[in-house]
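Engineer: Build me a model:
(2 chains)
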Amino acid sequence: MTSSFIHPSLFLIAGALLLPFIRGPLRKPYLFLAPMLALGAVVLNAAHSGVFGVVNFLDWQLVLGRVDKLSTVFALIMGLMAVIGTLYGLHIDRAGEHMAAWFYAAGSLGAIYSGDYLSLFLFWEMMAFGSVFLIWFRRGPQSLRVGYRYLLIHTIGGIILLAGILLRYQAVGNITFDLMDVAHPELYTWLIMIGFGLNAAMVPLHSWLPEAYSEASFNGAVFLCAFTTKTAVYTLARACAGMDVLVVLGVIMALYGVIYAVMENDVRKLLAWSIVSQVGYMVAGIGIGTDMAINGAVAHAVVHILYKSLLFMGTGSVLYMTGKTKFTELGGLYAKMPATFFFTMIGCLSISAAPCFAAYASKSMIITAGFEQHLNWASWLLMFGATGTFMYNGLKLPYFLFFGKNNCSPETWTKAGDPSWNMLIAMTLGATLCILVGTAPGFLYAMLPYAVDYTPHTTYHLMETLQLLGFAALAFVLLKKYVEPVDRICLDLDWLYRKAGCGFLWLIKHPLQWCDTAWGEAYRVVGLSSLMTLSRFWSWFDWHAIDGVVDGIARSVRGLGDKVRVLQSGQIQITLYYAFSLTAVLLVAFIFFQLL
Amino acid sequence: MTALIEYVQTHPRTVGTLCCVLLAGIAGGSLLVDTHHAHTWAEQHVPAFWSLFGFAAAAVIIGAARWFGRSGIQAPTDFYERSNATPCEEEA
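Structural biologist: Here you go, the predicted model:
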């Protein structure tokens, strides 16, 4: 039974390790082949159900292949994303970037198929260490710093998760990765949830995301937008479904992301804020915890990967061709980049949940589930956030990027144009899937963990959506001047840890350095001085006492030698005289003592 | 497609009128839709509820973002470079 399961991560890891040795005309087919094999493995695995790849390690049983509907749907979309992402960056010569992306995707697939916390943790960390290179490969002035901050935050998240796993092992006695008792959360429940939540960019642990994703390479961002947060959504759905606090956190994420996206000037940072907001819907759905809510969260994760990667591919094309990402340095690009504009618009309509576009089939499931659970406040706020999503992603982004005032410099304008064929094909694939899911969501619903009793294509839902979008657009037209991008950055909660870092540096450089200097001075004055006095005494003692004895003996021997030396005249008769005289004296003395 | 966009850009009045007619049609059409399965009282009883909600929500979000940005959240692009440089310079 185990042999029927093929772990897709193997293809990606082996593919990444062999990639540097594949050069020349074989490189591109090979780049396409490795993720395709991984996707093929996922498709084959989807036919099975159960536990595979069981490995006994020390006292634990590691499960590398838990296949059920939840893991299968996530693995399918991740496998597909590995293909689309690689296709998008097919022309990149740097093998390292592809290797990082494949290790990252392998980590995600490994985490999804893990049935125990230990292998989950290992794949979890593989994701963190693989993905950071996608930021560093941008090679911008900030890339190194941003990458280290990203790694630092994810390392902290990993430590929190590991602490939760260890505490849980101590309490429960096993490492099975399954639904926790969220109704009676223990410390380990919170720690594990926070560990997962950090990767899901839960407010206030989210600041790494907008910073890192906007700083990643044009191709790296396409991978980043798909894997980390959605793998975290999977783990939350697996372990924390029905945890009430997630509803609150999800709603906060949904709204927080909207406000920042409306203020943002950097196109890709706007999309990154949009991820925070959209993942908020999924987190809220997981918190609601009903079958429909979990289905909605999973469906939204799947479509989110499709439209968000499409949007990052569109804006990545703008970055790749012009080198710019700020609205204040772009604008009016529709004429120069018509295909990019077209695909980006499909992504914009998809995220806005416009009728027949991707999110139309998923977002309303979560909101409806909230209403059905009488969590009206949450559903209203999510609807409020959905209006905001349309405004910044469906209106602001395309308007100020492709229309609006042309802020391009002559150089930027000259460079602008549709990107290479592989990038266009990747965008075509993404756009097609967005429309397909939006118009005929049946095949997506069939893959969801629970049976679906929901259809988005009702007259009421259609009219509700048209009204929301239409009148939000009217508000945008009337109030457009208030959302016009300005060349400023938006301070976020990262301000706190950046300031905390500066504070720590200040602490080291000032009070601690002062203490160190004072201690050194005190040692010099008190410690060193007494040590020198003591040393001088011992020196004196050594010279006068120890050496005195030794030298005294030497001097005595030398004096005696001087005295005795006169006896050595060199004449044999005198020597014989002294020898016989001494012998006679000794003999007389001996006899004398014998007689006594 | 580019030609169509250029046509739309050169005829703003026509496009504006068409959009207003479309919005009126959507709001009017919503009155004809069965709201029996709506989840809340407001959806069932307030005419063109989602039109009002959409407009109000968008206006509130724009206002909130502007207020938030103006209250000090939006900072110069070199904000961190300047603030991070200070301790190092002091030390130098």
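
Engineer: switch to C-alpha atoms for all contacts and neighbour counts from now on
Structural biologist: Fine.

Engineer: which bits of chain B sit near chain A?
Structural biologist: Chain B has residues B:1-2, B:23, B:26-27, B:29-30, B:33-35, B:39, B:48, B:50-59, B:61-66, B:69, B:73-77, B:84, B:87, B:91 near chain A, with proximity defined as C-alpha under 8 Å from any C-alpha of the partner chain.

Engineer: May I have stretch A:4-22 exported as PDB, CA atoms only?
Structural biologist: Output of stretch A:4-22 as PDB, limited to C-alpha atoms (Å, rounded to 0.1, in the frame of the first residue of the first chain):
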ATOM      1  CA  SER A   4       1.400   3.300  -4.200                       C
ATOM      2  CA  PHE A   5       2.100   6.600  -2.700                       C
ATOM      3  CA  ILE A   6       4.700   8.800  -4.500                       C
ATOM      4  CA  HIS A   7       5.900  11.800  -2.500                       C
ATOM      5  CA  PRO A   8       5.900  14.800  -4.900                       C
ATOM      6  CA  SER A   9       8.500  16.600  -2.900                       C
ATOM      7  CA  LEU A  10      11.100  13.900  -4.000                       C
ATOM      8  CA  PHE A  11      10.800  15.100  -7.600                       C
ATOM      9  CA  LEU A  12      11.300  18.700  -6.600                       C
ATOM     10  CA  ILE A  13      14.200  18.100  -4.200                       C
ATOM     11  CA  ALA A  14      16.000  15.700  -6.600                       C
ATOM     12  CA  GLY A  15      15.200  18.000  -9.500                       C
ATOM     13  CA  ALA A  16      16.700  21.000  -7.600                       C
ATOM     14  CA  LEU A  17      19.800  19.000  -6.700                       C
ATOM     15  CA  LEU A  18      20.400  17.900 -10.300                       C
ATOM     16  CA  LEU A  19      19.500  21.300 -11.800                       C
ATOM     17  CA  PRO A  20      23.000  22.900 -11.800                       C
ATOM     18  CA  PHE A  21      24.300  20.000 -13.900                       C
ATOM     19  CA  ILE A  22      21.600  20.300 -16.600                       C
END
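
Engineer: Assign residue A:66 to one of the three secondary structure states.
Structural biologist: Secondary structure, DSSP: H, G, I helix; E, B strand; the rest coil: residue A:66 is strand.

Engineer: For it, give the beta-bridge partners.
Structural biologist: residue A:51 (DSSP bridges).

Engineer: I'd say it and residue A:115 touch.
Structural biologist: Yes. The pair residue A:66 / residue A:115 is scored as a contact, 5.4 Å apart, by C-alpha atoms under 8 Å.

Engineer: Out of the two, name the residue with the larger neighbour count.
Structural biologist: More neighbours surround residue A:115 than the other of residue A:66 and residue A:115, with 26 against 23 (other C-alpha atoms under 10 Å in any protein chain shown).

Engineer: ok, the more buried one - contacts?
Structural biologist: A:51, A:62, A:63, A:64, A:65, A:66, A:176, A:177, A:178 (C-alpha atoms under 8 Å, 6 or more residues apart in numbering or on different chains).

Engineer: where's the residue nearest the centre of chain B, which helix or strand?
Structural biologist: The residue lying closest to the centre of chain B (C-alpha atoms, centre = their mean) is residue B:58, at 4.1 Å. Using DSSP states H and E, residue B:58 sits within helix B:49-68.

Engineer: Let me see the residues that make contact with that helix.
Structural biologist: Contacts of helix B:49-68 (C-alpha under 8 Å, 6+ apart): A:259-260, A:262-263, A:384, A:387-388, A:391, A:464-465, A:467-476, A:479, A:482-483, B:27, B:42-43.

Engineer: In PyMOL, select just the buried ones from those residues.
Structural biologist: Buried subset of these, written as a PyMOL selection, criterion 16 or more other C-alpha atoms under 10 Å in any protein chain shown:
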select buried, (chain A and resi 259+260+262+263+384+387+388+391+464+465+467+468+469+470+471+472+473+474+475+476+483) or (chain B and resi 27+43)
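
Engineer: hang on, the earlier thing: shared neighbours, residue A:66 and residue A:115?
Structural biologist: residue A:51.

Engineer: Need the distance between the two termini of stretch A:197-210.
Structural biologist: 15 Å (C-alpha to C-alpha, to the nearest Å).

Engineer: What are the buried residues along that stretch?
Structural biologist: A:197-203, A:205-210.

Engineer: Pick the one among these closest to chain B.
Structural biologist: residue A:207 (14.1 Å; C-alpha to the nearest C-alpha).

Engineer: Next, find the distance separating the closest residue to that closest one other than its chain neighbours from residue A:159.
Structural biologist: Take residue A:207 and drop its neighbours on the chain: the residue closest to it by C-alpha to C-alpha, 6 or more residues apart in numbering or on different chains is residue A:494, 5.4 Å away. For residue A:494, the distance to residue A:159 equals 19 Å [C-alpha to C-alpha].

Engineer: which SS state does the spatially most central residue of chain A fall under?
Structural biologist: In chain A, the C-alpha nearest the mean C-alpha coordinate belongs to residue A:128, at 3.8 Å (C-alpha atoms, centre = their mean). Put simply, residue A:128 is helix when judged by three-state DSSP.
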